[in-house]
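>>> What follows is a predicted protein model with its sequence.
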Number of protein chains: 4
Amino acid sequence: MPTSVRLPTKGKLARTKLTRAERNELTRQKLFDAARKVVGRLGYAEASVSRITAEAGVAQGTFYNYFVTRQDLLDELLPEIGKDMLRFIQERTRGEGSEAVREADRFRAFFDYLKEVPEFLRILNEAELFAPAGYQQHIRTVAGAYARLLRRGREKGEVQAFSDEEIEVLVHMLMGARGYLSQRYAYTDTDQSVTTVPDHVLSAYGKLLAGGLFAEQQGAAQAKPIRRKRGGR
Amino acid sequence: MPTSVRLPTKGKLARTKLTRAERNELTRQKLFDAARKVVGRLGYAEASVSRITAEAGVAQGTFYNYFVTRQDLLDELLPEIGKDMLRFIQERTRGEGSEAVREADRFRAFFDYLKEVPEFLRILNEAELFAPAGYQQHIRTVAGAYARLLRRGREKGEVQAFSDEEIEVLVHMLMGARGYLSQRYAYTDTDQSVTTVPDHVLSAYGKLLAGGLFAEQQGAAQAKPIRRKRGGR
Amino acid sequence: MPTSVRLPTKGKLARTKLTRAERNELTRQKLFDAARKVVGRLGYAEASVSRITAEAGVAQGTFYNYFVTRQDLLDELLPEIGKDMLRFIQERTRGEGSEAVREADRFRAFFDYLKEVPEFLRILNEAELFAPAGYQQHIRTVAGAYARLLRRGREKGEVQAFSDEEIEVLVHMLMGARGYLSQRYAYTDTDQSVTTVPDHVLSAYGKLLAGGLFAEQQGAAQAKPIRRKRGGR
Amino acid sequence: MPTSVRLPTKGKLARTKLTRAERNELTRQKLFDAARKVVGRLGYAEASVSRITAEAGVAQGTFYNYFVTRQDLLDELLPEIGKDMLRFIQERTRGEGSEAVREADRFRAFFDYLKEVPEFLRILNEAELFAPAGYQQHIRTVAGAYARLLRRGREKGEVQAFSDEEIEVLVHMLMGARGYLSQRYAYTDTDQSVTTVPDHVLSAYGKLLAGGLFAEQQGAAQAKPIRRKRGGR
DNA sequence: AATGAATGAGACTTCATTCAT
DNA sequence: CATGAATGAAGTCTCATTCAT
């Protein structure tokens, strides 16, 4: 499982001999994983300390040896898993190719991650309301990484000549689009399992990014009327 | 205020003399408006019946003369205000012009509405989690109207040749984008006041829709690389 | 239905022409009948004023034009129906015959009444707790009538020589027995319908009353120490 | 008091030093006893969690550390005290003697128990409506024990030749009789104190069981049609 | 460090009753 | 006399957090 600790096995006695710090970290991780599962299954609102500790197999009081507040743990959830998600997507987008191809790969990889860590969808969607601190942190991280990619693409001439500010806007649009699409097309209420995203979602996403929404009218084309501020108008 | 009742003034004594039915509707509206305000200010989670009735200036028990359940009122909130929003946007988009121009108008009008009804932003964002029934209804309404517009544009040749399914995807992407942008650029946590959306947001939105994200590479152009499935690759 | 009003039909215009007093009495009766049904169906605890008026088809406020208090109506329920029951049983016990035969007839008639007015069982059983005033009144009435019968039987020599005080005790025992038996053998939770009482119930009841519970031992018999008063008396 | 805990005194410091488990059991018992008192004093309907915890001297939330539901505690009440009652009666009925004597002893012991545990009367009478689960359990237990006694008496020839089914009926009659008598003769609404049951109650009970209700008429006598089964016997 | 009992605020909802129309 | 909206007290239960063991 991507987000769990991988303690060094440390030879034979690995299980019995743990330093105090290790035991400590292990309990903390148990709580974190329990929270991830509970939130994934029931949502933040139902993720009471009692349920989390029950899932983790520790006493309720133990919780407060590791987290000052229930909210504190909840706020750690998304950023932590979010980093995991970014790693996952990066690994899947190694190959070279045009920016457009890589963006498509990233888009697909996002949905693949949803399949691997089904809790993520719910955590992502609910964090905005229930773990705002964690949510903001996550958004900043992801938006930053995303913007870097787009700027680099722009430098290579593979991305249109947006200003830095506009790129930030685009990043948020794409994240929003992704979010909505994942909710619309990846949820499966019944058993939480996430199904593959349909082909026309990929194609619509690709087309919008590649060619824009609007057809070029008559030849003069570029007179995209929306950029009112531009040209003479 | 758009969503409040406008009782016929009925001559002079309008304020003191109300029929039973009118008083009834008035109380209902007081509760609805109070809920709108409270949710706008504190969010659904904090919108307890006690707070709503306090805001409305009626006893707690009165609430249940008008709504079977707290959730029932919460579920009415978004669809009701949502209709109001659609009306508002339509009014602002009367003018003729290309689809692209009208879409830009709609986009701007959306942010204008946010200024007029500042609660709407929060209600829209939280409803998905706290008033799922109302949310689904709203989404269906808006997505349906949106899709109709895009299909009509396609028929007129002003929108690219997306399939119906792809249009549905686009609609969700645009709604998602709008949602994220509104959160990013319209929120002002401190005093809830909503400021005008910056110009670069409008321009980025317009450009993406008009020309797509990616620059046409070398001549072969249309070989939108994202459609891997295609022959080309 | 035994307990409903039977207004004199009064010739032709019976339905349209009602004196004020009659309309008044009619509404009162509607409420009473509604209460009977609701209590029969849901029990006293669930018989809220709102449910009763709904069943009666009048407004909630109307209730308080006829009864000072919810409890007042509830307290009238059992005595009223109880009188009905006594009438019913008397009619079925007209025939002559020994006291024992007549008691058996009464016992059977009681269960027959339960079939005719299925609400009665629940009303009888719950009244003790929820309508104590009415319950006491009912008990007094029934016990009084019962005691009179037994004393008359005693005078005729058909009932053993119990003292008046003892007869009162017996009456309560028999009422209690009847109550328990009706709950045990007449209830049918599923559809509230009351089934015929099994034969062995009748026979056990008859045998106990006829011959007592205990077999006479060997000759000396009568030394049953429990009848302390006897011996010397 | 029969139903309270009797913690081992454990030497000197018994009162101050309690293990966790002991404190736990003690709190549970405090709640149980408080419920017993409150129900005895005010009845089930008024036995709110708030009143019970106040009586027990703990916070309202504490209640739910020990009982899943208010109803759960209420349902435990009668069976628990009922067992206590059976023990009490058994102890008082050790002596040998005829079945009739022993039944008289049991009858008296029942009323004695009412004196010792005055709450029992109300709990018994109300449980049928307010704690049906507990009531059924209690009834089954008591009726079972009772029926066993009567069948054994029958085998010894001390009880008349009732069928097993008839014995079950008798058991319910006797329990019902006992219940009604206890309400009629043992209640004292004013100060809840229970007085001794009057002698004529005992004698009437004894006589009915010993000799039946009806005097044997002249010789032909036995033709009491109610004893239908008899004839052929 | 771990435990788990105790706390008490607060949430939703029901209901008998009142009263202006 | 009928209506039905308004009232507010009371009830059950949940939960984050504290703290003695």
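Done, it's in.

>>> Provide the secondary structure category for A:Gly95.
Three-state call for A:Gly95 (DSSP: H, G, I helix; E, B strand; the rest coil): coil.

>>> looking at it, it is touching A:Ala109, isn't it?
No: between A:Gly95 and A:Ala109 there is no contact under Cβ atoms under 8 Å: 11.5 Å. For the C-beta atoms, the positions are set from N, CA and C on the backbone; glycine is no exception.

>>> quick one, which of those two is more surrounded?
Neighbours were counted for A:Gly95 and for A:Ala109 using other Cβ atoms under 10 Å in any protein chain shown; A:Ala109 has more, 18 against 8.

>>> what about the closest residue to that one other than its chain neighbours, distance to chain B?
What sits nearest to A:Ala109 in space, not counting adjacent residues and going by Cβ to Cβ, 6 or more residues apart in numbering or on different chains, is A:Arg92, at 4.0 Å. Taking Cβ to the nearest Cβ, to the nearest Å as the measure, A:Arg92 and chain B are separated by 14 Å.

>>> and what of A:Gln90?
19 Å.

>>> re earlier: quick check: neighbours shared by A:Gly95 and A:Ala109?
Shared contacts of A:Gly95 and A:Ala109 (Cβ atoms under 8 Å, 6 or more residues apart in numbering or on different chains): none.

>>> Name the nearest residue to the residue in chain A that chain C sits nearest to, sequence neighbours excluded.
In chain A, the residue that lies nearest chain C is A:Glu46 (31.0 Å; Cβ to the nearest Cβ). In space, A:Glu46 comes closest to A:Val38 once its chain neighbours are excluded; the distance is 7.4 Å by Cβ to Cβ, 6+ apart.

>>> and the one you found, what does it touch?
Counted by Cβ under 8 Å, 6+ apart, A:Val38 has contacts A:46-47, A:51-52, A:55.

>>> And A:Lys30, by the same measure?
By Cβ under 8 Å, 6+ apart, the contact set of A:Lys30 is A:56-58.

>>> List only buried entries from these.
With neighbours counted using 16 or more other Cβ atoms under 10 Å in any protein chain shown, the contacts of A:Lys30 contain these buried positions: A:56, A:58.

>>> So which bits of chain A are right by DNA strand F?
Proximity of chain A to DNA strand F is assessed by Cβ under 7 Å from any atom of the strand, with A:46-50, A:60-61, A:63-64, A:69-71 identified as the residues in range.

>>> circling back to that earlier point, could you identify the buried members of the contacts of A:Val38?
Of all those considered here, the ones buried according to neighbour count by 16+ other Cβ under 10 Å are A:47, A:51-52, A:55.

>>> Can you give me the neighbour number for A:Lys156?
Here the neighbour count serves as a burial measure; for A:Lys156 (other Cβ under 10 Å) it reads 11.

>>> excluding its backbone neighbours, what's nearest it?
Setting aside the residues directly before and after it, A:Lys156 is nearest to A:Glu99 in space (Cβ to Cβ, 6+ apart), at 7.1 Å.

>>> quick one: that neighbour from A:Asp112, how far?
Remark: distance between A:Glu99 and A:Asp112 (Cβ to Cβ, to the nearest Å) = 20 Å.

>>> same check, this time on A:His138
Relative to A:Asp112, and taking Cβ to Cβ, A:His138 is found at 19 Å.

>>> who touches the residue in chain A that DNA strand E sits nearest to in this structure?
Here the residue of chain A nearest DNA strand E is A:Gly61; by Cβ to the nearest atom of the strand that distance is 1.6 Å. Applying Cβ under 8 Å, 6+ apart to A:Gly61 gives no contacts.

>>> Just to be sure, it is in a helix?
Yes: checked against three-state DSSP, A:Gly61 lies within a helix.

>>> which residues touch A:Arg36?
The contact partners of A:Arg36, taken as Cβ under 8 Å, 6+ apart, are A:3, A:77, A:81, A:119, A:123.

>>> Export the helix or strand encompassing A:Tyr185 to CSV, keeping only CA atoms.
Secondary structure from DSSP states H and E places A:Tyr185 in helix A:164-186. Taking C-alpha atoms only, helix A:164-186 is exported to CSV below (Å, rounded to 0.1, in the frame of the first residue of the first chain):
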residue,chain,number,x,y,z
ASP,A,164,2.3,33.2,-15.6
GLU,A,165,-0.9,34.4,-14.0
GLU,A,166,-2.9,32.8,-16.7
ILE,A,167,-1.1,29.6,-16.2
GLU,A,168,-2.1,29.6,-12.6
VAL,A,169,-5.6,30.1,-13.6
LEU,A,170,-5.4,27.2,-16.1
VAL,A,171,-3.9,25.0,-13.4
HIS,A,172,-6.9,25.6,-11.2
MET,A,173,-9.3,25.0,-14.1
LEU,A,174,-7.7,21.7,-14.9
MET,A,175,-7.7,20.6,-11.3
GLY,A,176,-11.3,21.6,-11.0
ALA,A,177,-12.2,19.8,-14.2
ARG,A,178,-10.3,16.7,-13.0
GLY,A,179,-12.1,16.8,-9.7
TYR,A,180,-15.5,17.1,-11.2
LEU,A,181,-14.8,14.4,-13.7
SER,A,182,-13.5,12.0,-11.1
GLN,A,183,-16.6,12.5,-9.1
ARG,A,184,-18.9,12.1,-12.1
TYR,A,185,-17.1,9.2,-13.8
ALA,A,186,-15.1,7.4,-11.2
